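Visitor: Compute the structure for the input listed below.
(one chain, ligands or ions: 2)
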Amino acid sequence: MSAKVNDDLLTERRKCEFNVEELTNYLDGGAQATQNRRKLEDKVLSTKGLFDEVPEEYLSHKEKYENAVRKAVVYYKAMKEAEDPNQTEQERANATYRSLLHAAVFKDNSPFSLHLAMFIPAILGQADEEQKKYWMKRASKMEIIGTYAQTELGHGTFIRGLETTATYDPKTEEFVLHSPTLTAYKWWPGSLAHTANYCVVMAHLYINGKSCGIQPFIVQFRDEETHQPLPGIKLGEIGAKLGFNTVNNGFLGFDQHRIPRNRMLMKNAQVLKDGTFKRSPNSKLTYGTMVYVRVVIVNGMANQLARAVTIAVRYSAVRRQSELKPDAGEPQILDYVTQQHKLFIGIASSHAFTLTAKWLTRMYQKVTADLEKGNLDELPELHAIACCLKAVTTTDTSVLVERSRTSCGGHGYMLSSNLPQIYGLVTAACTYEGENTVLMLQTARSLVKALEQAQSGKRLSPTMSYLSEKVSSRLKWDNSIDGIVKGFRRVAYGKVESAMRSMRKYVRSGLGPEDAWNMSSVQLVAASEYTSISEADIRQLQDTYEDLLGKIRPNAVGLVDAFDFRDQILNSTLGAYDGRVYERLMEEALKSPLNAEPVNQSFHKYLKPFMQGKL
Ligand SMILES: CC/C=C\C/C=C\C/C=C\C/C=C\C/C=C\C/C=C\C=C\C(=O)SCCNC(=O)CCNC(=O)[C@H](O)C(C)(C)COP(=O)(O)OP(=O)(O)OC[C@H]1O[C@@H](n2cnc3c(N)ncnc32)[C@H](O)[C@@H]1OP(=O)(O)O
Ligand SMILES: Cc1cc2nc3c(=O)[nH]c(=O)nc-3n(C[C@H](O)[C@H](O)[C@H](O)COP(=O)(O)OP(=O)(O)OC[C@H]3O[C@@H](n4cnc5c(N)ncnc54)[C@H](O)[C@@H]3O)c2cc1C
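Guide: Ligands and ions are numbered 1, 2, ... in the order given. Here you go, the predicted structure:
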């Protein structure tokens, strides 16, 4: 008999003014896609051995990892078996686009995540046709497990400063990989420590003493049979982190480690047997894997944010607290306008990120198709947009997930709510794949160039076209969508123009261009992300905004129900569909090993002698 659903949630669902299933279908890309996603989730989540007997938060660091590897093997096999052979690639992609299936199994991510998220994309984007054929066969069948090893102990942002060297030896037709210093050790790559046996290494190529820039190499570092590190390889785990504690982030040092010439991934640049170096048409094509992942992250943020606001909104419909009016009983905390303000922006942002992710994915696919034909024209714009959207969506998601947690009071601080773990996952994305400030400055670089082109009368690309609009500074505001968008474009233009004016002022004062850039960099970051509007209009928009909160209120639970996250994926005592929060909090508390006995052994060993003055 299914447990009774919380009365308040029942009432909320009755009040909802729209068809929840229709919104779910829209988010999935149609009723069939919803059906495919649900079918995949049903199949995979019915697999034995996927879920923890003891909550992983009560395991040691080492046990957490070992348990995660056990689940990763079961999960990967279940996913493979669940794949519908009759489905097209596109239908399969749609079924997983919104699915957070892995989140039902791994609260802190899988030790296989880098294999799927970066190792395979790096092969697809950096290997030539022959290499792709060979390595994709092995990687897609999980005969090998890989990661992406770029960051070093001493360098993450500045790729051109990476110290790992790959020196070509024409006599043996090999590359010699070496970590000349401690800071040259690869540091951070997920799965590197104990899980993977191959990696794509980004290293500084030298031929006959001449630098040939940073190039990608596919390197085996563990024996495929014994899993022992190969000779000349130093390996280990980097230690406990805020999150990602089952991703197995590791370090790797090379000591004159030799690999065959065909291990340099040669789609863009090539090294011939005699050591002739054939340059890439654009050295930044080597950075292509990062552009791809930045695009994926935007969609990932939408899904993770949707998960957090689902937990917080359902909890806010169940939790009653304080007094809004004397003798009127304790209201649902969702009736406080401050609570609506905290949470509804998260719902809207998740939808906005989903739509943005779809748009950015289409742009990425178009530009990548152009690159295949040798047309690199739109690569700089894709880079600038991907940098900006990755930085903005990860920053906003981190803020909004933390706001979801703090809007749930003390219970939001419980690991059993899953809000802290979701925060750990999303806040990492502000750093990995390009630290956000650094990426915003890359976007700013493109904005400044675009404004200079606009001022010299050149046509701009659609995404930068607002920089060529001669919009009157006395723009009459109205709070229609069109009016608001026009306002944002006007202010965004002003921010870029102000940053550029500031740089020119510094150059006139005698600073070099680099120092002038650095002195203006706070404005440059703001120009990439920040827009504000004039004082008089804030009141008008504020009234509109508060009015909107009231309109959303009766539909809040329906809006998060439409994300259609099953309880295993939410993995939360506060967010379950039935709203039985208090029973679930108690059930989870009783799983703590400390509750196995009424008196813990530390009383007899320490407390009692201490309290009796005997210690
Ligand atoms: C696995 C977790 C899964 C789930 C977690 C839960 C939720 C998250 C949701 C989704 C997650 C999905 C996937 C996650 C996958 C992985 C995460 C885990 C692992 C993370 C891995 C990593 O972090 S890999 C390492 C990432 N490192 C970086 O990004 C380094 C950042 N630095 C740079 O990119 C570059 O150094 C730089 C761009 C800052 C500067 O490069 P540089 O060579 O110095 O260039 P400049 O001299 O500044 O010249 C700039 C000019 O070059 C052009 N340019 C720069 N970059 C590019 C590019 N990529 N493409 C095209 N063009 C480029 C730029 O436009 C300038 O051109 P100009 O014409 O202006 O000169
Ligand atoms: C959870 C997690 C997983 C990761 N997984 C991987 C992985 O699988 N593979 C991999 O290769 N890497 C991985 N990384 C590493 C990640 O890519 C780097 O941490 C990131 O690129 C930042 O580099 P850094 O840590 O060396 O910081 P630094 O580059 O040292 O930057 C430190 C700070 O300096 C400032 N700064 C630096 N440069 C500039 C600039 N030009 N302008 C203004 N300010 C600047 C910024 O405030 C920045 O936060 C991972 C990181 C995390 C947190």
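
Visitor: CA atoms for contacts and neighbours, from now on please.
Guide: Will do.

Visitor: Gln455 contacts Ser468, correct?
Guide: Yes. If you go by C-alpha atoms under 8 Å, Gln455 and Ser468 touch, sitting 7.4 Å apart.

Visitor: Looking at these two, which one has more neighbours?
Guide: Ser468 (19 against 12; other C-alpha atoms under 10 Å).

Visitor: Tell me how far that one lies from Glu497.
Guide: 11 Å (C-alpha to C-alpha, to the nearest Å).

Visitor: what is in contact with these two at once?
Guide: In terms of C-alpha atoms under 8 Å, 6 or more residues apart in numbering, Ser468 and Glu497 are both contacted by the residues Leu451.

Visitor: all strands of this structure, in order?
Guide: 146-149, 165-169, 174-178, 186-187, 198-207, 210-220, 233-237, 250-254, 257-260, 270-271, 277-278 (DSSP state E).

Visitor: Let me know which of the ones you listed is the nearest to Glu129.
Guide: Closest to Glu129 of these is strand 270-271 (C-alpha to C-alpha; 12.8 Å).

Visitor: average pLDDT for that closest one?
Guide: Taken as a whole, strand 270-271 has a mean pLDDT of 98.

Visitor: now do stretch 202-218
Guide: 98.

Visitor: Quick check: buried residues in that stretch?
Guide: In terms of neighbour count (16 or more other C-alpha atoms under 10 Å), stretch 202-218 has its buried residues at 202-207, 212-218.

Visitor: repeat for stretch 578-596
Guide: 578-581, 584-585, 588.

Visitor: Walk me through the domains of this protein.
Guide: 116-280, 437-469+475-531 (automatic domain parsing).

Visitor: Would you mind saying which of those lies nearest Asp52?
Guide: Using C-alpha to C-alpha, those put domain 116-280 closest to Asp52, at 13.8 Å.

Visitor: what's the distance between stretch 427-440 and the middle of its chain?
Guide: 10 Å (C-alpha atoms, centre = their mean, to the nearest Å).

Visitor: With stretch 446-459 instead?
Guide: For stretch 446-459, the distance to the chain centre is 32 Å (C-alpha atoms, centre = their mean).

Visitor: can you pull the contacts of Tyr577?
Guide: 5, 314, 566-567.

Visitor: Let me know whether Glu323 touches Asp335 as I believe.
Guide: No. Using C-alpha under 8 Å, Glu323 is not in contact with Asp335, being 10.9 Å away.

Visitor: Please say which of the two ends up with more neighbours.
Guide: Using other C-alpha under 10 Å as the criterion, Glu323 and Asp335 rank with Asp335 on top: 16 against 13.

Visitor: residues in contact with Ala352?
Guide: Ala302.

Visitor: May I see the buried residues of stretch 396-411?
Guide: 396-408, 411.

Visitor: Would you reformat the strands of the chain as a markdown table and include distance to ligand 1?
Guide: Output for the strands of the chain, formatted as a markdown table (distance: least, C-alpha to the nearest ligand atom, whole Å):
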| stretch | distance to ligand 1 |
| --- | --- |
| strand 146-149 | 7 |
| strand 165-169 | 17 |
| strand 174-178 | 19 |
| strand 186-187 | 10 |
| strand 198-207 | 10 |
| strand 210-220 | 9 |
| strand 233-237 | 15 |
| strand 250-254 | 12 |
| strand 257-260 | 22 |
| strand 270-271 | 19 |
| strand 277-278 | 19 |
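
Visitor: between the ones you listed, which one is nearest to Glu22?
Guide: Short answer: strand 146-149, nearest of these by C-alpha to C-alpha, at 39.2 Å.

Visitor: what about that closest one, near ligand 2?
Guide: Yes. Counting by C-alpha under 6 Å from any ligand atom, ligand 2 has neighbours in strand 146-149: 148-149.

Visitor: That strand pairs with which strands, parallel or anti?
Guide: strand 198-207 (parallel) (DSSP bridges).

Visitor: With only the CA atoms kept, save the partner strand in PDB.
Guide: Output in PDB follows, covering the C-alpha atoms of strand 198-207 (Å, rounded to 0.1, in the frame of the first residue of the first chain):
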ATOM      1  CA  TYR A 198      44.500   5.600 -20.100                       C
ATOM      2  CA  CYS A 199      44.300   9.300 -20.400                       C
ATOM      3  CA  VAL A 200      44.500  12.100 -23.000                       C
ATOM      4  CA  VAL A 201      47.500  14.100 -21.800                       C
ATOM      5  CA  MET A 202      47.900  17.800 -22.900                       C
ATOM      6  CA  ALA A 203      51.700  18.300 -23.100                       C
ATOM      7  CA  HIS A 204      54.200  20.800 -24.600                       C
ATOM      8  CA  LEU A 205      55.600  19.300 -27.800                       C
ATOM      9  CA  TYR A 206      59.300  19.800 -28.600                       C
ATOM     10  CA  ILE A 207      60.900  18.600 -31.900                       C
END
